[in-house]
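A.B. asks: A predicted structure for the sequence below; I have some questions about it.
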Amino acid sequence: MQRLYVMFPDRGPGLGLLWLRLCVAGGLLAGGSPAGVPGLMCLAAIGLLLPGLLTPLAVLLAVPGLYGQGAALPWLLLPLALLMLGPGAYSLDARLFGRRLLQRRPPPNG
């Protein structure tokens, strides 16, 4: 996941990405989920988008779900913008796959 995104922005941009994830999940909820497989895809996308877990997979599930609901073009492009920008710092993806500072231990004396 770290290789997909250069960084996980925080503060204002991170809050914007959190809002974007919430809007996509809200769009899936507002449209009412169709029965069968598309309904399960919508529920899976919502479950992954809200905490920001496996965001690329969630987007791939959200786009067909929105298309199946007959969403307008801006609603279909919103998840794709999220795919290009990444989940942001306020997500489980950032917590699990974000950049870490590695510290080198001094060699043992002896």
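C.D. replies: Alright, I've got the coordinates. Numbering: from 1, shown residues only.

A.B. asks: what's around the nearest residue to Leu82 once chain neighbours are set aside, how many residues?
C.D. replies: Distances taken as CB to CB, 6 or more residues apart in numbering put Leu20 closest to Leu82, at 5.3 Å, once the chain neighbours are dropped. In short, each C-beta sits where N, CA and C put it, glycine included. By other CB atoms under 10 Å, 18 other residues sit near Leu20.

A.B. asks: Looks like Leu20 contacts Leu85 (just checking).
C.D. replies: Yes. Taking contact to mean CB atoms under 8 Å, the distance of 7.4 Å between Leu20 and Leu85 places them in contact.

A.B. asks: So Phe97 versus Gly27, what's the distance?
C.D. replies: Counting by CB to CB, to the nearest Å, the separation of Phe97 from Gly27 is 25 Å.

A.B. asks: Comparing those two, which shows the higher neighbour count?
C.D. replies: Each of Phe97 and Gly27 has its neighbours counted (other CB under 10 Å); Gly27 has more, 22 against 18.

A.B. asks: Confirm for me that that one is in contact with Tyr67.
C.D. replies: No. Assessed by CB under 8 Å, Gly27 is found out of contact with Tyr67, at 11.5 Å.

A.B. asks: so who does the residue most central in space within the chain touch?
C.D. replies: Against the mean C-alpha coordinate of the chain, by CA atoms, centre = their mean, the closest residue is Thr55 at 3.0 Å. By CB atoms under 8 Å, 6 or more residues apart in numbering, Thr55 lies in contact with 21, 48-49, 82-83, 86-87, 91, 93.

A.B. asks: roughly how far apart are it and Pro108?
C.D. replies: 42 Å.

A.B. asks: Which residue ranges of the protein form helices?
C.D. replies: 11-30, 37-49, 55-68, 73-85, 92-97 (DSSP state H).

A.B. asks: Single out the most deeply packed of those helices.
C.D. replies: Each of the helices of the chain was scored by mean neighbour count; the highest is helix 55-68, a mean of 21, by mean count of other CB atoms under 10 Å.
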